[in-house]
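Student: Predicted structure and sequence below. I'll ask about it afterward.
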Amino acid sequence: MTVDISILAAEEPLPVLPLPGELIVGIIAFAILLFVLNKYAVPRFEALYEERTDAIEGGLKRAQETQEQADRLKAEYEEQIAGLRAEAARIRDDARAEGTQIKAELRAQAEEEAARIKQRGEEQIAAAREQAVRQLRGEIGGLSIQLAGRLIGRELSDTEARRGTVDSFLAELDGMEPRQAAPARSTGAS
């Protein structure tokens, strides 16, 4: 039996190898299919591929342009911020300088007003002193006439004599005043 099987196997065609007619028909069908694909499908695929490539490259280019524009805007913004900061610093410095100037002007005005008030006060004191001296002279004159009349024993009715007596008495008082005022000041200060 072994011999019969091997003879049978040699007479049958190999199942892996196609028949020559089928091989020729398959090659012709494949060539037609390849021609149709190259004629119609491949150009469409190429066009779609080009569109997608352009879209991707265009998107990247637009993204790069947008990034460059954003960088430019950021740089402009930073320049404006720096300018505004410098302007704010200048305004602060101007305000400080103006405040210092106003303060100095107000101080000068206050000093002038104080000097004016002091001078007016001194003038008023001098005027009050003069008035007090005049009043005291008048009173001292009257008292001195009375005292002189008592000492002399007669009334001084003559106006010229009375005036002469008062003037001489006041001159003596004026001469005594500095001598008496100095000890009074030293005793008052101790």
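Tutor: Arrived safely, thanks for sending.

Student: next one: the helix or strand that contains residue 135 to chain centre, how far?
Tutor: Per DSSP states H and E, residue 135 falls inside helix 42-152. Chain-centre distance of helix 42-152: 11 Å, with CA atoms, centre = their mean, to the nearest Å.

Student: Begin at 5 from now on, thanks
Tutor: Renumbered: residue one is now 5, and that last one reads helix 46-156.

Student: Which elements pack onto it?
Tutor: Applying 3 or more CB pairs under 8 Å, 6 or more residues apart in numbering; DSSP states H and E, one finds that helix 46-156 contacts helix 163-193. C-beta: built from backbone N, CA, C; applies to glycine.

Student: Could I get the pLDDT score of residue 44?
Tutor: Looking at residue 44, its pLDDT reads 93.

Student: Near it, how many other residues are there?
Tutor: 9 (other CB atoms under 10 Å).

Student: repeat for the one 10 residues further on
Tutor: For residue 54, the tally of surrounding residues (other CB under 10 Å) stands at 10.

Student: What of the one 5 residues further on?
Tutor: Using other CB under 10 Å, residue 59 is surrounded by 10 other residues.

Student: go on, residue 169?
Tutor: Neighbourhood size, residue 169 [other CB under 10 Å]: 19.

Student: Find the nearest non-adjacent residue to it, please.
Tutor: Spatial nearest neighbour of residue 169, excluding adjacent residues (CB to CB, 6 or more residues apart in numbering): residue 152 at 5.4 Å.

Student: Can you check what angle separates the helix or strand where residue 40 lies from helix 46-156?
Tutor: Assigning secondary structure by DSSP H and E places residue 40 in helix 24-40. In terms of direction (axes from the mean of the first three to the mean of the last three CA atoms, to 10 degrees), helix 24-40 departs from helix 46-156 by 40 degrees.
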